[in-house]
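Peer 1: got a sequence here, can you model it:
(one chain, ligands or ions: 1)
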Amino acid sequence: NKTWILRKRPEGEVKEGDLELVESPLEPLKEGEVRTRLIYLSLDPTNRIWMSDVDAYLPPVGIGDPMRGGGLAVVTESQFDGLSPGDIVNTGLGSWSLYSTHSGQTLTALPKLPGVPLTAFMGPLGATGMTAYFGLMDIGKPKAGETVVVSAAAGAVGSMVGQIAKIQGCRVVGIAGSDEKCKWLTETAGFDAAINYKSEDVGAALDKHCPNGIDVNFENVGGKIMDQVIARLNDFSRMPLCGLISTYNATEPVPGPYNFSNLLMRRTLVKGFIVIDYFPRFPEGMQQMAGWLMEGKLKFETDIVKGLENAPVSLSRLFEGKNLGKLIVEVSEP
Ligand code: NDP
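Peer 2: Residues are numbered from 1 along each chain as shown. The predicted structure follows:
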């Protein structure tokens, strides 16, 4: 087997030597167990959170332990009645390992949906799709005619948030880090407007594209971008607080938000959430998202890197904004 082990807590960005790829023999399976081979490993901004010794929503990965991560895998051996070799499963909170052993009861085979590629189960029908769906619908509660702003808009979560908000009849403005991403948002994903935060004055662009203010801020980034959005929220606006990627590599306390008082003046609902809390409702979210996907209402992109050995170095793509859509490592052939 091959497994990435966390050797050191990174300072700032993940560097060579923070993780080590270790080879080990496979143990025989016990009754009720299933062996899987990883096909796609999901790389997520939260991988960086899990490497730090911070008080987060899950305990940090221990030093010397396999790196935690989700993905899709194929069953290669089974001592469990409900699964057979060839079945494709979502490994949930698995590890950065080529092979893994699971209790068969914790896995279910993925449904086969006509015309839907396997990669959709890493994006719209995976954890990032569920994050977008439940964060927006449950907390953002968008109403037709309202204005929704989403940051990291061309990423895995943000691209789904904007398209779901369009389906709800909202005006949707995305904030992203390149002209290419902004073009994809308006020309392919159907956003009403997109702002390149690296080349535009975000506040002025928000004033231009959100003439009626902002009703929902789906927050993925934090920092200066979040401050500009908070300053333009409407009365009784909602702010699903999904992520703060601009802070995950920080080595010092992060100041702000400076426009915090506006959340009081505007009576904004701010709610942090973690998608794993919605796990019992995933079937509902997947059914809705699969329906929209098959109707052609959701466009999605993947940024695929090949080889388990490239997992740690590829994580930086998320922090440098190199990915359009869901960042995936293709570990083995589907
Ligand atoms: P993305 O696919 O959106 O990739 C991250 C993107 O963030 C990059 O492509 C980059 O795009 C942008 N970015 C990176 N650094 C900065 C920065 N300093 N300032 C502004 N933008 C930045 O990743 P995900 O869709 O997986 O995650 C998006 C957010 O959602 C993250 O904050 C993540 O932690 C959070 N999340 C939360 C979950 C939950 O349960 N609460 C579940 C899943 C994700 P650009 O080129 O535009 O800069």
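
Peer 1: taking the stretch 201-334 of the chain, what residue is nearest to the ligand?
Peer 2: G243 (1.9 Å; Cβ to the nearest ligand atom). In this view, the C-beta of every residue, glycine as well, is placed from N, C-alpha and C.

Peer 1: again, but for the stretch 51-200 of the chain
Peer 2: Closest point on the stretch 51-200 of the chain to the ligand, by Cβ to the nearest ligand atom, is G155, at 1.7 Å.

Peer 1: that residue contacts N220, correct?
Peer 2: Yes: using Cβ atoms under 8 Å, G155 is in contact with N220, at 7.0 Å.

Peer 1: ok, residues contacting stretch 205-215?
Peer 2: The contact list for stretch 205-215, computed with Cβ atoms under 8 Å, 6 or more residues apart in numbering, reads 142-143, 146-149, 170-171, 173, 192-193, 195, 228-229, 232-234, 237-238.

Peer 1: buried ones in that stretch?
Peer 2: The neighbour-count check on stretch 205-215 (16 or more other Cβ atoms under 10 Å) flags A205, L206, H209, C210, I214, D215 as buried.

Peer 1: repeat that for stretch 17-29.
Peer 2: D18, L19, L29.

Peer 1: residues from the chain in reach of the ligand?
Peer 2: Applying Cβ under 6 Å from any ligand atom, we find that the chain lies next to the ligand at 44-46, 128, 131, 152, 154-158, 176-178, 181, 220-221, 225, 242-246, 273-275, 318-319, 321, 323, 327.

Peer 1: which strands and helices sit next to the helix or strand containing I164?
Peer 2: Using DSSP states H and E, I164 maps to helix 156-167. Applying 3 or more Cβ pairs under 8 Å, 6 or more residues apart in numbering; DSSP states H and E, one finds that helix 156-167 contacts helix 127-134, strand 147-151, strand 171-176, strand 214-218, helix 282-294.

Peer 1: now do the third one against strand 147-151, angle only.
Peer 2: Spelled out, that is strand 171-176. Using axes from the mean of the first three to the mean of the last three Cα atoms, to 10 degrees, one finds that strand 171-176 and strand 147-151 are set 10 degrees apart in direction.

Peer 1: who does strand 171-176 pair up with?
Peer 2: Sheet pairing of strand 171-176 (DSSP bridges) gives strand 147-151 (parallel), strand 193-196 (parallel).

Peer 1: which of the residues of the chain next to the ligand are buried?
Peer 2: 44-46, 128, 131, 152, 154-158, 176-178, 181, 220-221, 225, 242-246, 273, 275, 318-319, 321, 323, 327.

Peer 1: looking at those, which are in strands?
Peer 2: The strands, defined by DSSP state E, take in A176, L327 from those.

Peer 1: just checking, K322 touches D303?
Peer 2: Yes: applying Cβ under 8 Å, one finds K322 in contact with D303, separated by 7.3 Å.

Peer 1: the two - which one has more neighbours?
Peer 2: D303 (17 against 14; other Cβ atoms under 10 Å).

Peer 1: where along the chain do the helices fall?
Peer 2: Shown for the chain, the helices assigned by DSSP state H span residues 45-51, 127-134, 156-167, 179-187, 202-209, 223-230, 261-265, 282-294, 311-314, 316-320.

Peer 1: list the buried ones in the third one?
Peer 2: Going by neighbour count (16+ other Cβ under 10 Å), the buried part of helix 156-167 is A156, V157, G158, S159, M160, V161, G162, Q163, I164, A165, K166.

Peer 1: now tabulate those residues in CSV and tack on pLDDT.
Peer 2: Shown next, in CSV, are these (pLDDT from 0 to 100):
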residue, pLDDT
A156, 98
V157, 98
G158, 98
S159, 98
M160, 98
V161, 99
G162, 98
Q163, 98
I164, 99
A165, 99
K166, 98
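
Peer 1: and stretch 186-206, end to end?
Peer 2: 15 Å (Cα to Cα, to the nearest Å).

Peer 1: how far does it sit from its chain's centre?
Peer 2: 21 Å (Cα atoms, centre = their mean, to the nearest Å).

Peer 1: likewise stretch 238-250?
Peer 2: On Cα atoms, centre = their mean, the centre of stretch 238-250 falls 12 Å from the chain's centre.

Peer 1: what residue is smack in the middle of the protein?
Peer 2: T128 (3.8 Å; Cα atoms, centre = their mean).

Peer 1: could you check how far it is from V74?
Peer 2: 21 Å (Cβ to Cβ, to the nearest Å).

Peer 1: please apply the same query to T46.
Peer 2: 25 Å.

Peer 1: same deal with M265?
Peer 2: Taking Cβ to Cβ, one finds M265 at 53 Å from V74.

Peer 1: neighbour-wise, which of the two wins?
Peer 2: V74 (17 against 10).

Peer 1: the more buried one contacts N90, correct?
Peer 2: No: with contact defined as Cβ under 8 Å, V74 does not count as touching N90 (11.5 Å).

Peer 1: report the contact partners of G177.
Peer 2: G177 neighbours (Cβ under 8 Å, 6+ apart): A154, N196, Y197, K198, G321.
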